[in-house]
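Participant: this one's structure only:
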Ligand code: GLP
């Protein structure tokens, strides 16, 4: 638990940088990093950008896989997760563009797109560290309440609560929010060697308590992390109000 979102971002940014540096990635043995979107990881991304600028971290041999992407939103739409990631992180660090993997929500064949994504992750030997956030309903990536805890990358219809929560990014117009997304599955996240979750703000307090104080269940998909051997939740004080 850290005081506020900035301290959470500083902690996680330093933590990830240390993991990458200790791993000492090379072109033959890159560090495979899973990444989320949303407002929660932004302070972490600012820390990572600063560490790169200070010469304390390099993304040269880091391969990234993003958690999710909206279906049917143009890649260059400002709220696509492609745009978000390049705006908030990739354009500001030294990552080679070919190292970046983000699901294509406009692919002709979405099922093939999802299956190929899983295969690419496997081809890299799996994800070393998956950073994630959560929705107010406890979802991880876009694994909405009711998702199978064994799920893999697939198409998901967004819960109404998620569409409402994300409307703030679309001028509060819920009709402009895509209703479907491609998302890694709960099992895709669980397969990662390590999982780090950022949870900030009072809006997430109920989800955090459900996920860590109640049993493992598919209504609060973050709860699946209870079964993971190496999972870390970094929360600010506001997010812990229901604990
Ligand atoms: C979306 C993303 C999630 C993210 C969530 C929370 O639903 N698919 O990966 O965790 O938003 O967003 P925020 O951090 O802005 O609250």
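Facilitator: Arrived safely, thanks for sending. It should be emphasised that the depicted structure is a prediction, and the values quoted were computed from it without experimental measurement. Residues are numbered from 1 along each chain as shown.
Participant: Look at the nearest residue to residue 134 once chain neighbours are set aside and report its pLDDT.
Facilitator: Once flanking residues are discounted, residue 134 sits nearest to residue 222: 5.1 Å by CB to CB, 6 or more residues apart in numbering. (Glycine included, C-beta is placed from N, CA and C.) With respect to pLDDT, residue 222 scores 97.
Participant: Any idea how many residues pack against residue 222?
Facilitator: 29 (other CB atoms under 10 Å).
Participant: quick one: it and the ligand, what's the gap?
Facilitator: Going from residue 222 to the ligand by CB to the nearest ligand atom, to the nearest Å gives 9 Å.
Participant: Tell me if I'm right that that residue and residue 139 touch.
Facilitator: Yes - counting by CB atoms under 8 Å, residue 139 is a contact partner of residue 222 at 7.4 Å.
Participant: which residues are in contact with the helix or strand of the chain with the lowest mean pLDDT?
Facilitator: The weakest-scoring helix or strand in the chain, judged by mean pLDDT, DSSP states H and E, is helix 160-166 (a mean of 93). Identification of contacts with helix 160-166 by CB atoms under 8 Å, 6 or more residues apart in numbering yields 135, 136, 137, 139, 142, 144, 158, 174, 177, 179.
Participant: 7 Å instead?
Facilitator: The contact list for helix 160-166 (CB atoms under 7 Å, 6 or more residues apart in numbering) reads 135, 136, 137, 139, 144, 174, 177, 179.
Participant: Figure out how far it is from the centre of its chain.
Facilitator: Put simply, helix 160-166 sits 17 Å off its chain's centre (CA atoms, centre = their mean, to the nearest Å).
Participant: Stretch 19-29 now?
Facilitator: That offset, for stretch 19-29, works out to 21 Å (CA atoms, centre = their mean).
Participant: What's the end-to-end length of that stretch?
Facilitator: End-to-end distance for stretch 19-29, by CA to CA, to the nearest Å: 14 Å.
Participant: Give me the average confidence score over it.
Facilitator: Stretch 19-29 shows a mean pLDDT of 98.
Participant: Would you mark the buried spots in that stretch?
Facilitator: By neighbour count with 16 or more other CB atoms under 10 Å, stretch 19-29 contains the buried residues 19, 20, 23, 25.
Participant: Please flag which of the residues you listed sit within helices.
Facilitator: 19, 20, 23 (DSSP state H).
Participant: Report the separation between the first one and residue 50.
Facilitator: The reference is to residue 19. 17 Å (CB to CB, to the nearest Å).
Participant: ok so, going back, my read: the residue nearest to residue 134 touches residue 137, true?
Facilitator: No - judged on CB atoms under 7 Å, residue 222 makes no contact with residue 137 at a distance of 9.7 Å.
Participant: Write out the residues of this protein neighbouring the ligand.
Facilitator: With the criterion set to CB under 6 Å from any ligand atom, the chain comes near the ligand through 36-40, 67-68, 133-135, 141-142, 162.
Participant: Which among those residues count as buried?
Facilitator: Buried by 16+ other CB under 10 Å: 36, 37, 38, 40, 67, 68, 133, 134, 135, 141, 142, 162, out of the residues of the chain next to the ligand.
Participant: so the fourth one sits in a strand?
Facilitator: No - looking at residue 40 with DSSP: H, G, I helix; E, B strand; the rest coil, it is coil, so not inside a strand.
Participant: How about it: what's its closest non-neighbour residue?
Facilitator: Nearest residue to residue 40, sequence neighbours excluded (CB to CB, 6+ apart): residue 133, at 4.0 Å.
Participant: what sits against that neighbour?
Facilitator: Counting by CB under 7 Å, 6+ apart, residue 133 touches 36, 38, 40, 41, 197, 198.
Participant: I'd say the last one and residue 12 touch.
Facilitator: Which is residue 198. Yes - taking contacts as CB under 7 Å, residue 198 lies within contact range of residue 12: 5.9 Å.
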